[in-house]
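In: Let me see the structure of the following:
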Amino acid sequence: MRPKPQFLVFLIILILSACGDFGRTPSKERFEKNCYITIPKDVTVVKDKYENMTSDYAIIYTLKFTTNGLKDFTKRVRQSDYYNNYWHKSTRGYTFYKKVGDRDFTEYKIDVDTISQIASFEENAN
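Out: Numbers count the residues shown, from 1 in each chain. Next up is the predicted model:
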């Protein structure tokens with residue numbers, strides 16, 4: 001006895017919905033679009049985590065730069081049109097903060113640690 005096509009479609013949808021982040025924009029694209037900066041090619045993704053909390057969500061995206069990749073990235077930050085608006089120099093490197101919306105908002109935070117050569121990107125929807 002063969003399963004009915006409707007059952008197979010239902011099963012596929014159920015499996016894909018269990019994945020949580022199926023169909024979402026990749027973290028790299030979200031990072032670049034919302035923070036007005038491109039990521040060098042020679043980085044290692046340390047963490048790419050999506051946490052779904054019904055209508056709220058959190059994305060944590062952590063990168064490890066090579067020495068040349070970090071130099072390239074920090075140069076792009078300093079030359080960005082958004083330096084001193086969203087991007088700022090910090091004691092350990094650079095930070096970025098942007099909040100979009102008032103009541104139902106999305107926050108974008110980045111900490112670039114030039115000593116450890118790690119950048120942590122967080123996107124939180126509330």
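
In: mind showing which ranges of this protein have poor pLDDT?
Out: 1, 3-23 (pLDDT under 70).

In: And the strands in it?
Out: 43-53, 56-65, 87-89, 93-100, 106-113, 118-125 (DSSP state E).

In: Stretch 94-104: which residues count as buried?
Out: By neighbour count on 16 or more other CB atoms under 10 Å, the buried set for stretch 94-104 is 94-96, 98. Quick note: C-beta positions are derived from backbone N, CA and C, even for glycine.

In: meant to ask about stretch 74-87, not that
Out: The neighbour-count check on stretch 74-87 (16+ other CB under 10 Å) flags 74, 76-77, 80, 83, 86-87 as buried.

In: go on, stretch 44-52?
Out: For stretch 44-52, a neighbour-count test (16+ other CB under 10 Å) marks Y50 as buried.

In: can you check stretch 65-73 too?
Out: For stretch 65-73, by 16+ other CB under 10 Å, it's 65, 69-70, 72-73.

In: now, which of those residues lie within helices?
Out: 69-70, 72-73 (DSSP state H).

In: would CSV of the residues you listed with distance to S120 be doable?
Out: As requested, these are exported to CSV (distance: CB to CB, whole Å):
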residue, distance to S120
G69, 15
L70, 14
D72, 18
F73, 13
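
In: how about those residues, which pair is most distant?
Out: Greatest spatial distance in these: L70 and D72, 7.2 Å, computed using CB to CB.

In: Dump the buried residues of stretch 94-104 into CSV; add distance to D104 as well.
Out: Output for the buried residues of stretch 94-104, formatted as CSV (distance: CB to CB, whole Å):
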residue, distance to D104
Y94, 28
T95, 24
F96, 21
K98, 15
